[in-house]
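Engineer: Sequence below, structure please.
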Amino acid sequence: MTLEEYVNNPIGKNNAVLTVAARENIRANYATKFDNILLRENGKITYYLYEDKKRNVYYIMVKIPSEVVDNFYYETVIKFYADSNVEDLGRNLLKYNVQFFSNDPSFVFTYAHAFLKHDMLIKELAPRMSKQALRQNPDEKNPTNETGYVKSLYFAYLFMKQRGLFNVNIFKGTEPFNPKNMMARIEPADEKIRKRQEEGKKYSSKKKIVVSKNVADKIQRLGVSDETKQRIVTTTSKTPLIKKTAPANKVVNKSKVIRAKRRRG
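Structural biologist: This is a model prediction of the structure:
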């Protein structure tokens, strides 16, 4: 499968499980989420390029920011390679075959086994993947063991598209590919997920942010993290009405009238 094919239909062109409308909706949603992340990160995304000259293979590693936890990143890798089935390669990496890796929990728990089955997992990086994820099919999350859209992988694609990184020449002269060197920059999936769970507990214990509906609407439009949005509580309480009281001078005048009536009586 090429990256272009994955973007168009990650399950495969002969599989119609996802309708065209459904795929377009997912891609549009991911594009919006990625724009929000870029805004939050001030457009700064860390990435590394690698070239394997002997095999005509290229790798990109992108540190994909978590939507929920600030300053938390998933190491996501796309491998581009050519074989006899790829025709008219030229310089466009979108036409190359691809394999993937990510220590994003969604990839690990839902798709790692399926990607391995369909020869779409970067085997050089398998030591950084959860052994349990590779051994066991996720019966609950992905019972059909199909590949699908993975947010971190799609974000990596959007990043490459934004930076114009689909030209082979950009990878020429970059860091020579070495599995050990690359894995040194990748945290093992089990460790990454453990840390993510710990950070999630910290965020879940934070106090709610109570704001008016107008302020909540403004925050939702900004590029803040999902964690911040989840903490927002819109208040529905209204300010109690203040009963009007008679001016002090009228009260005094009323008292004078009462005393005057008493004197007459």
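
Engineer: Going by C-alpha atoms from here, please, whenever you check contacts or count neighbours.
Structural biologist: Will do.

Engineer: Past the lengthiest helix in the chain, which element shows up next along the chain?
Structural biologist: Ranked by number of residues, the top helix in the chain under DSSP state H is helix 20-40. Proceeding N to C from helix 20-40, the next assigned helix or strand is strand 47-52, under DSSP states H and E.

Engineer: helices or strands up against that next one?
Structural biologist: strand 57-65, strand 175-176 (3 or more Cα pairs under 8 Å, 6 or more residues apart in numbering; DSSP states H and E).

Engineer: Quick check: mean pLDDT of the longest helix of the chain?
Structural biologist: For helix 20-40, mean pLDDT is 94.

Engineer: related to what we said a few turns ago, closest to L38 out of the helices and strands packed on strand 47-52?
Structural biologist: Distance to L38, taken as Cα to Cα, is lowest for strand 57-65 among the helices and strands packed on strand 47-52, at 9.1 Å.

Engineer: now the closest one against strand 47-52, angle please.
Structural biologist: Per axes from the mean of the first three to the mean of the last three Cα atoms, to 10 degrees, the angle that strand 57-65 makes with strand 47-52 is 170 degrees.

Engineer: Parallel or antiparallel, which strands does the helix or strand following strand 57-65 pair with?
Structural biologist: The first helix or strand that comes after strand 57-65 along the chain, using DSSP H and E, is strand 73-81. Using DSSP bridges, strand 73-81 pairs in its sheet with strand 57-65 (antiparallel), strand 97-102 (antiparallel).

Engineer: For A126, which of these is the nearest?
Structural biologist: Short answer: strand 97-102, nearest of the strands paired with strand 73-81 by Cα to Cα, at 8.3 Å.

Engineer: could you point out which element follows the closest one?
Structural biologist: Next along from strand 97-102, by DSSP H and E: helix 105-106.

Engineer: Which secondary structure elements does that next one sit against?
Structural biologist: Against helix 105-106 (3+ Cα pairs under 8 Å, 6+ apart) you get no helix or strand.

Engineer: Show residues contacting it.
Structural biologist: V150, K151, A189, I193 (Cα atoms under 8 Å, 6 or more residues apart in numbering).

Engineer: could you redo the last one with a cut-off of 10 Å?
Structural biologist: 74, 111-112, 141, 149-152, 189-190, 192-194, 196 (Cα atoms under 10 Å, 6 or more residues apart in numbering).

Engineer: same thing with stretch 21-30?
Structural biologist: Contacts of stretch 21-30 (Cα under 10 Å, 6+ apart): 7-10, 18-19, 31, 33-34, 36, 149-152, 154-155, 158.

Engineer: and N29, how many neighbours?
Structural biologist: Look at N29: counted by other Cα atoms under 10 Å, it has 12 neighbours.

Engineer: Correct me if wrong: V150 contacts A114.
Structural biologist: No. Taking contacts as Cα atoms under 10 Å, V150 lies outside contact range of A114: 12.0 Å.
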